[in-house]
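Q: Fold the stuff below for me.
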Amino acid sequence: MSEPRFQVGVATHVGRVRTMNEDSYAVTDSVFAVADGMGGHLAGEVASAMAAEALRLLPDNVTTAPPPP
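A: As a prediction, the model looks like this:
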């Protein structure tokens, strides 16, 4: 039996104050995440892009289960 697949979409919004959207996202078979760029903070777009890229590089067998004791 094959694993279920999902169609996904991503949308972020620049907000009411900023002129540039600093948000990033990661979508893989194991990860779906949005990294908030924290508008107004120095290099928020860089930080969110780095976080999203790190999540994209996780192995396909990512799990939320805690490690064994």
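
Q: ok, residues contacting stretch 25-36?
A: Stretch 25-36 is contacted from outside by 8, 10, 12, 22-24, 47-49, 51-53, 55-56, 58-62, using Cβ atoms under 8 Å, 6 or more residues apart in numbering. The C-beta positions use only the backbone N, C-alpha and C, and glycine is treated the same way.

Q: Just the buried residues of it, please?
A: The neighbour-count check on stretch 25-36 (16 or more other Cβ atoms under 10 Å) flags Tyr25, Ala26, Val27, Ala33, Val34, Ala35 as buried.

Q: Out of the helices and strands in this structure, which is least certain?
A: Sorting the helices and strands of the chain by mean pLDDT, DSSP states H and E puts strand 32-35 at the bottom, at a mean of 89.

Q: continuing past that strand, what's the next helix or strand?
A: Downstream of strand 32-35, the next assigned helix or strand under DSSP states H and E is helix 44-56.

Q: Put the alpha carbons of that following helix into PDB.
A: Output of helix 44-56 as PDB, limited to C-alpha atoms (Å, rounded to 0.1, in the frame of the first residue of the first chain):
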ATOM      1  CA  GLY A  44      14.700  38.600   9.400                       C
ATOM      2  CA  GLU A  45      14.500  37.400   5.800                       C
ATOM      3  CA  VAL A  46      17.900  35.700   6.100                       C
ATOM      4  CA  ALA A  47      17.000  34.000   9.400                       C
ATOM      5  CA  SER A  48      13.700  32.700   8.100                       C
ATOM      6  CA  ALA A  49      15.400  31.400   4.900                       C
ATOM      7  CA  MET A  50      18.100  29.600   6.900                       C
ATOM      8  CA  ALA A  51      15.500  28.000   9.200                       C
ATOM      9  CA  ALA A  52      13.400  26.800   6.200                       C
ATOM     10  CA  GLU A  53      16.400  25.500   4.400                       C
ATOM     11  CA  ALA A  54      17.500  23.500   7.500                       C
ATOM     12  CA  LEU A  55      14.100  22.000   7.700                       C
ATOM     13  CA  ARG A  56      14.100  21.100   4.000                       C
END
